[in-house]
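Asker: I need the structure of the sequence given here:
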Amino acid sequence: MDIQFRNIKKQDIETMVQMSAEVGYEVRYENFSERINEFLKNDSLSIIVATNEKDKIAGWIQLEISNFIFSNKTCNILGIFVDKNYRGNQIGRKLIEKAEEWAREKGCFVFRACSDITKIDSHAFFTHMGFNPIKTEQIFSRRIEKGE
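Answerer: Just a heads-up that it's a prediction; the model follows:
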């Protein structure tokens, strides 16, 4: 299977919305499109897509650079998706490798992934890819109300 890697394009959005819905992330096309436009403008954000020989998306990885004052420059994997029809073809591994290249070019010293405690398959994947669990945490969230 011939897989190519490239940066996201606007024409990828529809397929990505569908793929996200398949794994439980329902998002409207307009919202997704708006977020992608922000990614395209920001040098510390990236989405790398894997495509087949017909330029159909087989998977993608979403990345963000964090500059915490208390640690080294870090590349965070915000999400990694591989289409169910392409799993088992090393696409996830290759996406991680491409992401690490991008992170290295951006001067990152740490490569990090967070995964929901219930996503056991993801934990096994990241461990297999050389990531080590460093802590368990709770994430707190609060909506920001629009001001007047």
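Asker: going forward, measure contacts between C-alpha atoms and count neighbours the same way
Answerer: Noted.
Asker: Can you check which helix is longest in the protein?
Answerer: Longest helix in the chain by number of residues (criterion: DSSP state H): helix 91-105.
Asker: For this protein, which helix or strand comes out least confident on mean pLDDT?
Answerer: The weakest-scoring helix or strand in the chain, judged by mean pLDDT, DSSP states H and E, is helix 29-41 (a mean of 83).
Asker: In its sheet, which strands sit next to whichever helix or strand comes after that one, and in what direction?
Answerer: On the C-terminal side of helix 29-41, the nearest following helix or strand under DSSP states H and E is strand 45-51. Take DSSP bridges as the rule and strand 45-51 pairs in its sheet with strand 4-7 (antiparallel), strand 57-66 (antiparallel).
Asker: And the pLDDT for Glu148?
Answerer: If you check Glu148, the pLDDT there is 67.
Asker: In contact with Gly59, which residues are there?
Answerer: Val49, Ala50, Thr51, Ile80, Phe81, Val82, Asp83, Ile91, Gly92 (CA atoms under 8 Å, 6 or more residues apart in numbering).
Asker: host element of Cys75?
Answerer: For Cys75, the host element (DSSP H and E) is strand 74-82.
Asker: Could you name the helices and strands sitting against that strand?
Answerer: Judged by 3 or more CA pairs under 8 Å, 6 or more residues apart in numbering; DSSP states H and E, strand 74-82 is in contact with strand 57-66, helix 91-105, strand 110-113.
Asker: out of these, nearest to Tyr29?
Answerer: Nearest to Tyr29 among the helices and strands packed on strand 74-82 is strand 57-66; the distance by CA to CA comes to 16.5 Å.
Asker: orientation of the closest one relative to strand 74-82 in degrees?
Answerer: Angle, strand 57-66 to strand 74-82, by axes from the mean of the first three to the mean of the last three CA atoms, to 10 degrees: 160 degrees.
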